[in-house]
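Peer 1: prediction below, plus the sequence it came from.
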Amino acid sequence: MQFSKIINQQEVKQQLVELVQHNRLSHALLFLSKEGSGALSLAFALSQYITCERANPNSQTPNSNSLFGSELTTHDSQLTTQPDSCGICPSCLKAIQLMHPDIHFSYPVVTKKAGSPPLSVDYISEWREFIKLHPYGNVYDWLQFIGAENKQGNITANECNDIIRKLSLKSFESEYKVLIMWMPEYLGAEGNKLLKLIEEPPPNTLFILVAENEPLLLPTIVSRCQMIKIPALETSDIEKALIERNNTDPVKARQVAATAEGNYREALQLLQHAEED
Ligand SMILES: [Zn+2]
């Protein structure tokens with residue numbers, strides 16, 4: 001996903017790009033926001049930006065025209081001066097489909113088969129589909145999407161071991177490896193397995209944790225991360241996004257945006273309920 005595809009959050013986008021450009025990116029970032037603000041999309045966009053063969057001047061991918069990368073991206077997106085991934089190089093194409101071999105994902109899942117602790121990757125095709133359909137969805141939407149019903153989602157000890165294994169491998173195509181963990185609230189005490197990795201990650205490894213509820217996170221993890229607070233969207237952003245992305249009637253969009261409290265997911269839900277009535 002490119003930064004340009006995300007509803008507003010201009011300041012956060014700028015902050016992230018500057019951290020990359022000035023080599024001030026920490027190895028572990030914690031994106032903290034309320035639901036419906038686009039935090040997960042920002043994590044996708046950042047991972048795509050740092051693996052893009054054109055946008056990232058540090059990229060060592062062969063054939064990348066990296067010196068001229070930022071010029072190219074400026075031309076590609078004339079509407080904004082926001083630096084962005086190019087969206088068309090082989091690396092971007094894979095990142096957009098959530099199929100880049102160096103961008104890994106962890107998220108809460110439920111047991112598929114009794115007796116075998118689940119891994120996030122067991123649900124990777126559902127994950128890709130979910131993100132395409134509901135980029136602003138929350139964890140409830142996700143668990144419904146995978147048919148969890150009333151089962152509690154988890155990021156298991158098994159998953160933590162898998163993360164440790166994956167990140168110990170050399171990267172496949174990009175100079176960087178990224179792990180995006182959505183809803184680390186679901187880690188529980190298992191998360192302590194990851195402390196060493198977060199504190200001393202292998203070279204060129206970036207962790208992005210995307211969370212909504214700080215008190216539910218392990219303090220030992222929070223203290224090891226650079227926190228990026230992502231604000232709720234403005235009412236005007238929601239109104240505009242409903243009209244442009246969802247073809248909502250402008251009068252309806254204004255009404256819904258006024259009660260959605262900066263939460264784009266909530267705005268879509270309100271619309272859906274209004275239609276059902
Ligand atoms: Zn690219």
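Peer 2: Everything's here; your move.
Peer 1: contacts, neighbours, all on C-alpha from now
Peer 2: Will do.
Peer 1: now do the helices in the stretch 151-277 of the chain.
Peer 2: With DSSP state H, counting those that start in this stretch as the criterion, the stretch 151-277 of the chain has helices at 157-168, 195-199, 219-222, 235-246, 250-259, 264-276.
Peer 1: as TSV, those with mean pLDDT, distance to Ile180 and mean neighbour count would be great.
Peer 2: Shown next, in TSV, are those (pLDDT from 0 to 100; distance: least, Cα to Cα, whole Å; neighbours: other Cα atoms under 10 Å):
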stretch	mean pLDDT	distance to Ile180	mean neighbour count
helix 157-168	94	10	17
helix 195-199	90	12	16
helix 219-222	93	14	14
helix 235-246	96	25	18
helix 250-259	96	29	17
helix 264-276	92	20	16
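Peer 1: tell me which parts of the protein are close to the ion?
Peer 2: Cys52, Ser85, Cys86, Gly87, Cys89, Cys92 (Cα under 5 Å from the ion).
Peer 1: quick check: the farthest pair among these?
Peer 2: Greatest spacing in the residues of the chain next to the ion, by Cα to Cα: Ser85 and Cys89 (8.9 Å).
Peer 1: okay, buried residues for stretch 17-28 please.
Peer 2: Val17, Val20, Ser26, His27, Ala28 (16 or more other Cα atoms under 10 Å).
Peer 1: reformat the residues you listed as CSV; add secondary structure.
Peer 2: Below are the buried residues of stretch 17-28 laid out as CSV (DSSP: H, G, I helix; E, B strand; the rest coil):
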residue, secondary structure
Val17, helix
Val20, helix
Ser26, coil
His27, coil
Ala28, strand
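Peer 1: any idea which of those is the one closest to Glu11?
Peer 2: Nearest to Glu11 among those is Val17, at 10.0 Å by Cα to Cα.
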